[in-house]
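A.B. asks: no sequence on this one, just coordinates:
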């Protein structure tokens with residue numbers, strides 16, 4: 001029995017696909033028993049390929065391959081790295097006049113590759129998606145102060161939030177006027 005790859009370096013959320021190739025006389029059945037290396041009492045898969053989901057920490061697996069005449073063991077290691085988002089966003093706090101055009105732009109990259117964007121606005125204590133706003137920038141007319149954020153996601157579902165504050169100052173007129 002062979003495996004083309006026994007060590008996998010993945011990002012959190014990624015699914016490693018571990019495969020064993022066993023060649024034998026066609027008349028002899030082959031069995032596969034996958035285990036967590038830390039628990040060889042519980043079979044977790046009985047196929048030639050095992051693709052565990054939700055692997056969040058380094059994990060070792062063992063596959064026992066058997067036919068009528070032989071038994072072989074192949075060990076696999078899955079190392080897990082966190083996604084690393086790099087935030088180069090500028091101008092996260094803006095003060096603008098009422099009615100001014102505002103263009104919020106996020107500049108975030110991930111070591112996992114391409115990212116997607118979803119802009120949100122804050123109402124009360126919670127944020128909600130702004131329909132259709134899925135680009136790296138969000139433009140609008142400032143009719144009042146507000147909190148916004150861009151949720152940046154990688155292909156494995158890991159997220160990073162970029163928060164923005166837009167302030168529209170209000171003019172307060174005094175009630176005490178003294179004539180000279």
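C.D. replies: That came through, no problem. Please read all numbers here as calculations on a predicted model, not as lab measurements. Numbers count the residues shown, from 1 in each chain.
A.B. asks: tell me the contacts of residue 86?
C.D. replies: Residue 86 makes contacts with 108-111, as judged by C-beta atoms under 8 Å, 6 or more residues apart in numbering. All C-beta atoms are positioned from the backbone trio N, CA, C, and that covers glycine.
A.B. asks: which residue is nearest the middle of this structure?
C.D. replies: residue 158 (1.4 Å; C-alpha atoms, centre = their mean).
A.B. asks: who's in contact with the residue nearest to it when sequence neighbours are not counted?
C.D. replies: Closest residue to residue 158 apart from its sequence neighbours, by C-beta to C-beta, 6 or more residues apart in numbering: residue 83 at 3.9 Å. By C-beta under 8 Å, 6+ apart, residue 83 lies in contact with 11-13, 110-112, 154, 156, 158, 160.
A.B. asks: ok, 7 Å please
C.D. replies: Counting by C-beta atoms under 7 Å, 6 or more residues apart in numbering, residue 83 touches 11-12, 110-112, 154, 156, 158.
A.B. asks: return the subset of those residues lying in strands.
C.D. replies: If you go by DSSP state E, those have 11, 110, 154 in strands.
A.B. asks: from residue 160, how far off is the residue nearest to residue 158?
C.D. replies: When distance is defined by C-beta to C-beta, to the nearest Å, residue 83 is 8 Å away from residue 160.
A.B. asks: now residue 149
C.D. replies: Distance, residue 149 to residue 160, by C-beta to C-beta: 10 Å.
A.B. asks: where is the longest strand in the protein?
C.D. replies: The longest strand of the chain (DSSP E) is strand 71-81.
A.B. asks: so how far is that one from its chain's centroid?
C.D. replies: Distance of strand 71-81 from its chain centroid, counting by C-alpha atoms, centre = their mean, to the nearest Å, is 24 Å.
A.B. asks: again with stretch 6-18
C.D. replies: 14 Å.
A.B. asks: what does it rub up against?
C.D. replies: Here stretch 6-18 makes contact (C-beta under 7 Å, 6+ apart) with 49-53, 55-56, 61, 74-83, 112, 156-158.
A.B. asks: kindly report the same for stretch 58-69.
C.D. replies: Counting by C-beta under 7 Å, 6+ apart, stretch 58-69 makes contact with 1, 18, 20, 22, 24, 28-37, 40, 50, 71-80, all of which sit outside it.
A.B. asks: of those residues, select the buried ones using a PyMOL command.
C.D. replies: Per 16 or more other C-beta atoms under 10 Å, the buried members of those correspond to this PyMOL selection:
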select buried, resi 1+18+20+22+30+32+33+34+35+50+74+76+78+80
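A.B. asks: could you check how far residue 13 is from residue 79?
C.D. replies: In this view, residue 13 and residue 79 are 14 Å apart by C-beta to C-beta.
A.B. asks: over to residue 56?
C.D. replies: 12 Å.
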